[in-house]
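>>> sharing a sequence plus its predicted fold:
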Amino acid sequence: MKAVLVVAGLGLLLAGCGETTLARPATPTMVVRPPQPTSGLERVIGQNAAGLTQLFGSANADVREGTARKLQFQGSFCVLDTYLYPGKNGGEPTVTYVDARQPDGSPIDRASCVAALARRGGGK
């Protein structure tokens, strides 16, 4: 009986030495967003804070974090967030990205928001 237990135990032990599949770490996936169209944003991208104020009027919010700055402009039609960052040589911050939404948070076309706010601010 002991010999059977030893043989059975060795069998189980050897079964554990067979080929095993170890879980491989998940390969990180990179989410690539398609570039957002900038058509209609020419009046905003590349502008400095003074240019935005001239186009839209006074900002409703001015948030600074380090060298970055966000100027937010609001109207009854939409809310526009403009993100200004200094140039490569530390020049004056200019708009590099724009985000827009309706006042209730629903998505809206960025160029439409720029156009509506420019009319409100008397922009050119």
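Perfect, thanks for sending it. Numbering: from 1, shown residues only.
>>> for the chain, just list every one of the helices.
Along the chain, the segments classed as helices by DSSP state H run 2-15, 49-56, 110-121.
>>> strands of the protein, start to end?
In the chain, the strands defined using DSSP state E lie at 61-65, 68-74, 79-85, 94-101.
>>> lowest mean pLDDT across the helices of the chain, which one is that?
Set side by side, the helices of the chain differ in mean pLDDT, and helix 2-15 is lowest with a mean of 50.
>>> contacts only, for the closest residue to N60 other than its chain neighbours.
Using CB to CB, 6 or more residues apart in numbering and skipping residues adjacent in sequence, the residue nearest N60 is Q74, 4.5 Å away. (Glycine included, C-beta is placed from N, CA and C.) Q74 makes contact with N60, L80, P103 under the criterion CB atoms under 8 Å, 6 or more residues apart in numbering.
>>> which residues does the spatially closest residue to T96 that is not a sequence neighbour bridge with?
Nearest-residue entry for T96: Y85, 5.2 Å, with adjacent residues in sequence omitted and distances by CB to CB, 6+ apart. Taking DSSP bridges, one obtains T94 as the residues bridged to Y85.
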